[in-house]
Structure formats: structure tokens, C-alpha cells
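Student: Here is my input; please provide its structure:
(one chain, ligands or ions: 1)
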Amino acid sequence: MKKKELGHVPEVEFRMDNQGIGRIVLNRPEKLNAITKAMTRSLHHVIDEAASFEGIKALTITGAGGKAFCAGGDLTELHGNMNAEEAYLVLSPMKEALLKLARFPVPTIALLNGQARGGGCEIATACDFRYGTEEGTFGFVQASLGITPGWGGGALLFRRIQPTYASHWLTDASMYDAFTAKRIGWLNNLLPQASLQKWEEDTEFTNRSSSQMKWFKKQLLAALRSEEFDQLMEEEVKQCAALWEEEDHKRAVEKFLKTRKKS
Ligand SMILES: CC[C@H](C(=O)O)C(=O)SCCNC(=O)CCNC(=O)[C@H](O)C(C)(C)COP(=O)(O)OP(=O)(O)OC[C@H]1O[C@@H](n2cnc3c(N)ncnc32)[C@H](O)[C@@H]1OP(=O)(O)O
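Tutor: Residues are numbered from 1 along each chain as shown. The predicted model follows:
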């Protein structure tokens, strides 16, 4: 069966290198790697494919192009006039993909090649580690759109950084520079863009065995109480869906769409 029939789209690439490290690339740079429904389906497939490699040591996810890791959910698809039930059905598949990523059997690393907004920050937060560049900017902007994170990444943020920092960022919805993101512990390291692009070639992770990496991930998931992830993320998706039909959100999406060139 051709890859397309299997739900693969070219906007999501996956390859496994010969050192046991998998790389997912969000490949829609002309739209700042904004995530469509088709990309969500493809993400499920590539995460499952990566997990099928017995000797895998780590899984990275990055964005194509030098401008953005991911600008969140595709607002042309996620228009404002869905009701709560319709919004839940659109949001939930990406929450399931982020849950898979968060529970992936070996460490996952977001290589933030540029800015991340909204759901883009949620994808990065579903990863265990986040490396960015000094030029990067990052923001859980959902509150400025009249909603809350819609893929469960806000819930995971409380398990990645201090809860007060997490709550302030979600409430404030501002864009943080790379130094702020590192200071609050969301970014694990800052790298030059060239180093980020070839992280897999230089990382010490390739000198670990798959068994070691599986243990390190098991230890982290236990410390984060990952058995609670599903419920916490599900509650967040339902909250976002409930806000979806509010006027504030409808106006925010309409404003974004009006300012876009006709694509
Ligand atoms: C579903 C909820 C989900 C969640 O919270 O879980 C979300 O992520 S909600 C969406 C959150 N993201 C945003 O609000 C970001 C929206 N984008 C922007 O504000 C700007 O694009 C920005 C500031 C990221 C970059 O602005 P800049 O002027 O530098 O570039 P353009 O705006 O011209 O963007 C280039 C090109 O990309 C398209 N684009 C960017 N972001 C999205 C998006 N989220 N959905 C769909 N398309 C997006 C933009 O329309 C331009 O394409 P063009 O064909 O030229 O119109």
C-alpha cells in the first residue's frame, strides 16, 4: 500500500539514522510548519513507525526552514465557527499524538530551529528535552486567542517547569526569548543553528545503548507521574473546545485570517 494511502503526507518526514536516532521533520515551511489534520494523522504514523525500531536510542522532532519550528494548529482549518463538540473532535487527535510522544519509550528531543507558537510549543513540551537557538522565540499564545492550549501541551508544561512559571506563561500568553525560556527551564540548551541542524551527529546520546536510553526514559516518566498525563491532557482539550465557540476566540481567528494574503 502506498505511503499516502497509509496516511503519510510529505509535510511530515521521518528517517532513522544508522546510530539509532530517529528524526521527524515538520515540512511545511511556507506555512511556518503549521499543523493540519493530515499532518496530525501522519504524525501518528511516524511516531508508531519510530517506536517499531527495536534499537532506537532517541527521537528528535524539528521544523523545516529557518524561520519556525511550528506556528501551531492551522488556523485556516481550525476556523472559529466550530461548536464545542466539533472543536473537540478536531483537537483530540493531536492530543493523542502528543501523548504518544510524551510516553515514547526513549528520550525525545525538540530541536527548535525557529519560533514556536501555540500548539508548536505544545509539541515541544511533549518532548523530554528542548534545544533552541539564541534567536528563537516561544509562546503559549492560546490565551490571547480566547482559548487555552488545545492539545494537552499546557498540562504537560506543569510537569516540565516549575508550576508557577508554567501558569504564568499560559496566563500571560507572551512570547519569551530564548534566554528567558532557558532561565525558566523550558529550554535545556542553546545551540548555534548549524549545530542544531546536525545535533544527531554530535550528541553523546549515540554513545549510549538503547537499553540505557529506555531506562533513562522509564525513570523520567515515573518521576513525572506520566500515568496522569492522559486525564490531565484530556481535561485540557475539553476546556479548549468549550472556549472554542466563545466570541473572543471567533474574533481572534477571523482577525488572523483577514490579515493573511490569499493563499
Ligand atoms: C488548535 C489550537 C492550537 C493549540 O493551541 O493547541 C493552536 O496552535 S492555535 C494557533 C496558534 N498559533 C498562532 O496563533 C500563530 C499564527 N501565526 C502568526 O501569528 C504569524 O504567522 C506569525 C507571528 C507566527 C509569523 O508572522 P509573519 O508575518 O512572520 O509570517 P506570516 O504571518 O506571513 O506567515 C507566513 C505564512 O504562514 C502562514 N501561517 C502562519 N501561522 C499559521 C497558522 N497557525 N495557521 C495557518 N497558517 C499559518 C501564514 O498564513 C502565511 O501564509 P500565507 O499563505 O502567506 O498567508
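
Student: who are the neighbours of the helix or strand harbouring K238, in terms of helices and strands?
Tutor: Assigned by DSSP states H and E, K238 belongs to helix 229-244. Using 3 or more Cβ pairs under 8 Å, 6 or more residues apart in numbering; DSSP states H and E as the contact criterion, the neighbours of helix 229-244 among helices and strands are helix 84-102, helix 153-160. Just so you know, the C-beta spots here come from the backbone N, C-alpha and C atoms, and that holds for glycine as well.

Student: For my notes, please list those helices in a markdown table and give mean pLDDT, distance to R130 and mean neighbour count for each entry.
Tutor: As requested, the helices and strands packed on helix 229-244 are arranged in a markdown table below (pLDDT from 0 to 100; distance: least, Cβ to Cβ, whole Å; neighbours: other Cβ atoms under 10 Å):
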| stretch | mean pLDDT | distance to R130 | mean neighbour count |
| --- | --- | --- | --- |
| helix 84-102 | 97 | 12 | 20 |
| helix 153-160 | 98 | 8 | 24 |
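
Student: now those helices in JSON lines, with distance to the ligand?
Tutor: JSON lines is the format used below for these (distance: least, Cβ to the nearest ligand atom, whole Å):
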{"stretch": "helix 84-102", "distance to the ligand": "6"}
{"stretch": "helix 153-160", "distance to the ligand": "7"}
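
Student: would you list these in a markdown table and tack on distance to L257?
Tutor: Below are those laid out as a markdown table (distance: least, Cβ to Cβ, whole Å):
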| stretch | distance to L257 |
| --- | --- |
| helix 84-102 | 16 |
| helix 153-160 | 23 |
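
Student: isn't there a helix covering A116?
Tutor: No. Residue assignment for A116, taken from DSSP: H, G, I helix; E, B strand; the rest coil, gives strand, which places it outside any helix.

Student: can you offset everything so residue one is 489?
Tutor: Taking 489 as the first residue, the last one we looked at is A604.

Student: and it, how many neighbours?
Tutor: Burial of A604 is recorded as 32 neighbouring residues (other Cβ atoms under 10 Å).

Student: Next: R671.
Tutor: Count around R671 with other Cβ under 10 Å applied: 12.

Student: for the one 5 residues further on, same thing?
Tutor: Close neighbours of N676, defined as other Cβ under 10 Å, add up to 16.

Student: got the contact list for it?
Tutor: N676 sits next to 617-619, 670 when contact means Cβ atoms under 8 Å, 6 or more residues apart in numbering.

Student: ok, so of the residues you listed, who is nearest the ligand?
Tutor: Within these, distances to the ligand taken as Cβ to the nearest ligand atom reach their minimum at R618, with 16.8 Å.

Student: ok, for the closest one, nearest residue in space, not its chain neighbours?
Tutor: Taking Cβ to Cβ, 6 or more residues apart in numbering, and ignoring the residues beside it in sequence, R618 has A598 as its nearest neighbour in space, at 4.6 Å.

Student: Contacts for the helix or strand where that neighbour lies, please.
Tutor: Here A598, judged by DSSP H and E, is contained in strand 596-600. When contacts are defined by Cβ under 8 Å, 6+ apart, strand 596-600 is touched by residues 546-551, 557, 589-590, 611-612, 614-621, 624, 626, 675, 684-685, 687.
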